[in-house]
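1. need a 3D model of the sequence below.
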Amino acid sequence: MADTIEDIVHSLDDILSLARVGRPSDPREHSELSALVASVVEEFEDMGEPVELGETQRIALPLRATWLRRALRNLIANAVRYGNVARVSIAREPRAAVIRIEDDGPGIPDHDLAPLLEPFTPGEPSRNTETGGTGLGLTLARAIADQHGGSLSLVNRRGPDGSIVGLTACLRLPLGS
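-> Next up is the predicted model:
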């Protein structure tokens, strides 16, 4: 019963967060992205989760740090849950800072990638709390990216033979937004 109540509370928190993200009340503050990402990765490392911080670049951006942390936690938790590991990196592209979270999981059929970003589309059909979720984590992460003028995309990683060897979540944030 306690687990069921905890699941309900978590689901309600996600629903309320999704409603709030469209109406942010906190201003953006100039923040150093790699420090923020490193702090989230450290949280997972402290819990003994298989999360690695790869190559990063120092990029300062106006951000809503609390919201961006939430998006990163959701993306990293999904990578660990479905792909056994999360490798996080940051790169500067001509017009955006790009945070990549790679896993080594089975990937997702290409036709199912876009629907996963919609509300209540769980990544695993059992909805078992050990493997599945409410289907709001990716939607919330995408809404947070949108809130910052950026985007979230999911791309299967493929091996030399064309088989799927994992998934990459790319969170793009515009430079100087």
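2. mind listing the strands for this structure?
-> Listed in chain order, the strands of the chain (DSSP state E) span 29-32, 51-53, 60-63, 86-92, 96-102, 151-158, 164-174.
3. just the C-alphas of the fourth one, formatted as PDB.
-> Pointing back at strand 86-92 there. Provided in PDB are the C-alpha atoms of strand 86-92 (Å, rounded to 0.1, in the frame of the first residue of the first chain):
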ATOM      1  CA  ALA A  86      24.200   6.800 -18.700                       C
ATOM      2  CA  ARG A  87      27.100   8.600 -20.400                       C
ATOM      3  CA  VAL A  88      26.600  12.300 -20.300                       C
ATOM      4  CA  SER A  89      28.500  14.900 -22.400                       C
ATOM      5  CA  ILE A  90      28.200  18.500 -23.300                       C
ATOM      6  CA  ALA A  91      29.300  20.100 -26.600                       C
ATOM      7  CA  ARG A  92      29.000  23.500 -28.100                       C
END
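4. next, name the residue at the spatial heart of the protein.
-> Computing the C-alpha centroid of the chain and ranking residues by CA atoms, centre = their mean puts Leu75 first, at 2.2 Å.
5. so it touches Ala169, yeah?
-> Yes - with contact defined as CB atoms under 8 Å, Leu75 counts as touching Ala169 (4.8 Å). Using the backbone N, CA and C atoms, a C-beta is placed for each residue, glycine as well.
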